[in-house]
Every structure is written in structure tokens, then in C-alpha cells.
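Colleague: Quick one: sequence and predicted model below, then my questions.
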Amino acid sequence: MTAALEAPGVALTSAALIALRGVALNANAAPVLAALPGGFATRRKGHGLEVASTREYAVGDDLRHLDCGTTARTGRLHVRQFQEERDRVTLLIADFRPAMFWGVRRAFRSVAGAEALALVGWNVVESGGRVGLLALTAAGPVIAMPRGRTRGMLDVIGGMVQAHTDGLAAMINGQVDDTPLDQGLARADRLAPPGSELVIASGFDAPGAGLADRLNALSRRRSPRLLLITDAEAADLPRGRYPIRLPDGRRIRVHLGGQDHRQADPMRQIAGRTALVLDAGEAVEQTARRLAAVFMAERAA
């Protein structure tokens with residue numbers, strides 16, 4: 001790569017994404033729940049530590065779960081039911097298709113999207129969950145299966161860096177057409193188990209006619225969350241296709257212009273679903289605060 005392609009905000013590095021751990025934790029005031037997977041309480045009753053309710057004893061119930069207080073008060077045997085604890089899995093979906101490789105201020109949208117996903121991922125593993133990766137590029141997808149702890153996050157970071165490098169190289173070599181996003185998401189249901197969370201960071205360019213149906217299908221047993229990566233400075237330009245000169249002298253055209261996102265609501269509708277708007281030109285600390293505010297509110301609800 002030339003020096004221009006290795007500049008901060010253009011190239012994606014493991015060191016930069018690893019350093020975001022501290023930024024993510026500083027922006028998130030929630031306490032750590034567990035050091036290992038299994039600390040995510042669901043509403044399903046099952047084996048766990050948190051008491052959900054009590055009911056009368058039935059033949060076959062485990063006597064170790066007898067509720068002595070309720071039994072003494074009512075004169076009938078009662079047992080406790082516990083809140084089931086399940087492994088929390090989050091699949092991070094990074095859009096590194098050609099349309100993401102531009103930016104007019106701090107960073108390419110592709111880099112800003114990777115930073116946002118890294119911030120989410122660090123919070124997940126620190127709270128006891130597992131993270132995986134599906135990165136979409138013109139050269140093909142890059143996948144990291146869900147794993148917990150720091151090792152799982154390092155696998156995701158390595159996958160994002162490799163996918164970003166491959167996607168940028170493919171675009172420079174002339175692969176400038178975006179595969180529809182709905183097609184790229186076809187692998188998500190096989191990578192994310194039921195009950196998991198999917199976080200998609202994308203500009204949602206070339207969404208494909210079936211994106212709404214794809215998201216609806218995923219949401220039946222999973223929780224998709226959308227991050228719309230924009231560049232507010234570029235939004236001030238008149239809408240159109242702008243020529244961009246590459247370091248080797250060749251030219252490509254990218255779509256720029258349209259609504260000024262700095263004056264818009266921070267939430268937008270994408271394929272009938274709410275997306276959090278993140279500006280690639282903002283400092284990463286501001287992105288971390290936006291993510292912490294929205295994700296913590298959703299999980300509390």
C-alpha cells in the first residue's frame with residue numbers, strides 16, 4: 001500500500017481497535033456482571049441464581065428448591081423457580097463493501113463502523129458475553145465464530161483488520177460495485193444462535209430489495225440493532241456522483257450529498273427499523289457515549 005492508504009482514518013489497525021477497550025469501558029457506567037459467559041439473565045424460568053417466583057410443590061420437583069418461608073406461612077409445600085441464565089452472544093456485522101471506503105474528515109466510514117463495533121464488542125466481553133464477526137467485503141466475507149473473553153474480541157479485531165485490508169484492496173483493483181446488503185446478511189442466521197444480538201454497522205448503500213424481509217426474518221429469534229454510519233460534512237454537498245482519484249491515478253465515482261445529518265434526529269428509519277446515526281467525522285469518544293446511552297437504555301427496557 002502507498003503512504004496515503006496507510007494513514008490514520010484510512011487504514012484499520014489492530015492496535016487502534018484494542019486501545020478502544022478503555023474508551024468503551026469509560027463511556028459505559030454499567031457494572032461488570034460476570035467474568036465468564038452465563039451472566040446474562042433472561043425472562044425464561046430455569047436453572048439460575050435469581051429467584052423468579054414461587055409455586056406449590058408438584059411431584060418430581062427438586063426438594064432442594066423448597067421455599068421454607070412460604071411453606072411455613074401457607075402450610076403447603078412451595079418451591080422456588082429461578083430466572084434462567086443464558087450465554088449472551090453478539091454477532092458484529094461490519095460493512096466493508098466499496099461504498100464504505102470514503103470520508104471527508106476524520107476517517108473513512110468503514111473505519112468509523114469498525115470502531116463502533118469494537119466499542120460494542122469490548123462492552124459485551126467485559127460483561128461476560130461472547131462476540132463473533134461477519135465482515136462483508138467485495139472480496140468475500142470474513143467470519144470469526146463467537147468466543148468469550150479477551151481472546152474472542154481479539155479474534156474479531158483480527159478479522160475486521162483483515163477484511164478491511166481485503167475490501168480496500170479489492171476496491172483499488174476495480175471491484176467498485178456493491179453486492180446488495182440483503183444478500184450479505186444471508187449468513188447471519190447461521191452464525192448467530194437463537195436469542196443472540198446482531199449489531200450491523202453500515203452506510204446501508206445498495207440495501208437490496210429484500211433488506212426489510214431479511215431483517216424481519218432475523219428478528220424472529222434474534223435482536224438486530226442498526227448503526228447508520230454517515231459523514232455529516234459530505235451530506236452538505238449536493239446529491240450526486242463525485243469523482244475520486246486513487247493513488248495510482250485511476251478515478252472512481254462515489255455517491256455523496258443529501259440530508260444534513262447534523263440537523264437531523266440521531267435516530268433514522270432503515271428498512272422499517274430504527275437505526276442509530278453515527279458520524280464518521282466525530283471523535284471516537286463521542287461515538288462511545290452515543291452507543292452507551294442507546295444500548296444501555298435498550299437493554300434496561
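Modeller: On my side now, so go ahead. Predicted model only: the values in this text are computed from it and were never measured.

Colleague: When you work out contacts or count neighbours from here on, use the C-alpha atoms and nothing else.
Modeller: Will do.

Colleague: Bridged to V79, which residues?
Modeller: Beta bridges link V79 to R55, L66, judged by DSSP bridges.

Colleague: where exactly do the helices run in the stretch 151-300 of the chain?
Modeller: Along the stretch 151-300 of the chain, the segments classed as helices by DSSP state H, counting those that start in this stretch run 181-184, 188-191, 211-219, 232-235, 284-300.

Colleague: Lowest mean pLDDT across these, which one is that?
Modeller: Across these, helix 232-235 has the smallest mean pLDDT, namely a mean of 62.

Colleague: related to what we said a few turns ago, out of the helices of the stretch 151-300 of the chain, the one nearest G75 is which?
Modeller: With C-alpha to C-alpha as the measure, helix 284-300 is the member of the helices of the stretch 151-300 of the chain nearest G75 (37.5 Å).

Colleague: thinking again about what came up before, now the helices of the stretch 151-300 of the chain in JSON lines, please, with extra columns for distance to R88 and mean neighbour count.
Modeller: JSON lines is the format used below for the helices of the stretch 151-300 of the chain (distance: least, C-alpha to C-alpha, whole Å; neighbours: other C-alpha atoms under 10 Å):
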{"stretch": "helix 181-184", "distance to R88": "23", "mean neighbour count": "19"}
{"stretch": "helix 188-191", "distance to R88": "14", "mean neighbour count": "15"}
{"stretch": "helix 211-219", "distance to R88": "16", "mean neighbour count": "17"}
{"stretch": "helix 232-235", "distance to R88": "34", "mean neighbour count": "20"}
{"stretch": "helix 284-300", "distance to R88": "12", "mean neighbour count": "15"}
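
Colleague: Out of those, which is closest to H78?
Modeller: helix 284-300 (30.6 Å).

Colleague: elements contacting that closest one?
Modeller: For helix 284-300, the elements it packs on are helix 14-27, helix 109-126, judged by 3 or more C-alpha pairs under 8 Å, 6 or more residues apart in numbering; DSSP states H and E.

Colleague: what's the spacing between G208 and A271?
Modeller: 10 Å (C-alpha to C-alpha, to the nearest Å).

Colleague: Just name the most buried of the helices and strands packed on helix 284-300.
Modeller: Among the helices and strands packed on helix 284-300, helix 109-126 has the highest mean neighbour count (mean count of other C-alpha atoms under 10 Å), at a mean of 27.

Colleague: still on that earlier bit, turn the helices of the stretch 151-300 of the chain into a markdown table, columns for distance to T74.
Modeller: As requested, the helices of the stretch 151-300 of the chain are exported to a markdown table (distance: least, C-alpha to C-alpha, whole Å):
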| stretch | distance to T74 |
| --- | --- |
| helix 181-184 | 57 |
| helix 188-191 | 48 |
| helix 211-219 | 43 |
| helix 232-235 | 64 |
| helix 284-300 | 35 |
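
Colleague: ok, back up a step: please dump the helices and strands packed on helix 284-300 into CSV; it should also carry mean pLDDT for every row.
Modeller: Converted to CSV, the helices and strands packed on helix 284-300 look like this (pLDDT from 0 to 100):
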stretch, mean pLDDT
helix 14-27, 93
helix 109-126, 96
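
Colleague: would you turn the ones you listed into JSON lines with distance to G103?
Modeller: Putting the helices and strands packed on helix 284-300 into JSON lines (distance: least, C-alpha to C-alpha, whole Å) gives the following:
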{"stretch": "helix 14-27", "distance to G103": "18"}
{"stretch": "helix 109-126", "distance to G103": "6"}
